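Peer 1: prediction below, plus the sequence it came from.
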Amino acid sequence: GARPPGGPKRSTSRSMSGRAGLVPQLDQPLLRVPAEKLSSSCRSRQRRVEKELTTIIGDICVLGQHDSSGSAVAPTSLARDDAKHEINELISRLQGLKRKVDEGRAEHEGQAQRC
């Protein structure tokens, strides 16, 4: 059919299909790589946090004279000042872990915005 005068030009199907095929090829790697990096980073950070928490919980169980199942074990001969020092150490470790988690969250939010 004839094109009305002054109407919009139609692009040929060949040029449209050429562009449509190019866009997904460009977008997929540009989106996949940052998303995979973000996912990998999240898993890695989660493993480190879980490992540190497991260690801290184990140390708390020793201080509390209970095993991880809650059963009482033989009391340790820890002086009051030593126990206080150990508890302060655990608190410091937990605060450090919280700081690392907060930093990781900020980093992941930045990476997610780039995706």
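Peer 2: Okay, I see it. Numbering: from 1, shown residues only.
Peer 1: quick one: which helix or strand includes the nearest residue to R45 once chain neighbours are set aside?
Peer 2: Nearest in space to R45, with sequence neighbours left out and distances taken as CB to CB, 6 or more residues apart in numbering, is G104 at 4.7 Å. Where C-beta positions appear, they are placed from N, C-alpha and C, glycine not excepted. Assignment of secondary structure by DSSP states H and E places G104 within helix 80-114.
Peer 1: and the angle for the lowest-mean-pLDDT helix or strand in the chain with helix 80-114?
Peer 2: Among the secondary structure pieces of the chain, namely its helices and strands, helix 13-63 has the lowest mean (mean pLDDT, DSSP states H and E), a mean of 75. Relative orientation of helix 13-63 versus helix 80-114 (axes from the mean of the first three to the mean of the last three CA atoms, to 10 degrees): 180 degrees.
Peer 1: what's the distance between the residue nearest to R45 and G96?
Peer 2: Distance of G104 to G96, computed by CB to CB, to the nearest Å: 13 Å.
Peer 1: please say which of those two ends up with more neighbours.
Peer 2: G104 (17 against 11; other CB atoms under 10 Å).
Peer 1: so for that one, what's the pLDDT?
Peer 2: Turning to G104, the model gives it a pLDDT of 87.
Peer 1: go ahead and confirm it touches R43.
Peer 2: No. G104 is beyond contact range of R43, at 11.6 Å (criterion: CB atoms under 8 Å).
Peer 1: count the residues that sit near L97.
Peer 2: Residues near L97, counting by other CB under 10 Å, number 15.
Peer 1: got the contact list for it?
Peer 2: Contacts for L97 were tallied using CB atoms under 8 Å, 6 or more residues apart in numbering; they are V49, E52, L53, I56.
Peer 1: any of the residues you listed buried? List them.
Peer 2: By the neighbour-count criterion of 16 or more other CB atoms under 10 Å, the contacts of L97 include these buried positions: E52, I56.
Peer 1: which one of the contacts of L97 is nearest R114?
Peer 2: Distance to R114, by CB to CB, is smallest for V49 among the contacts of L97, at 22.8 Å.
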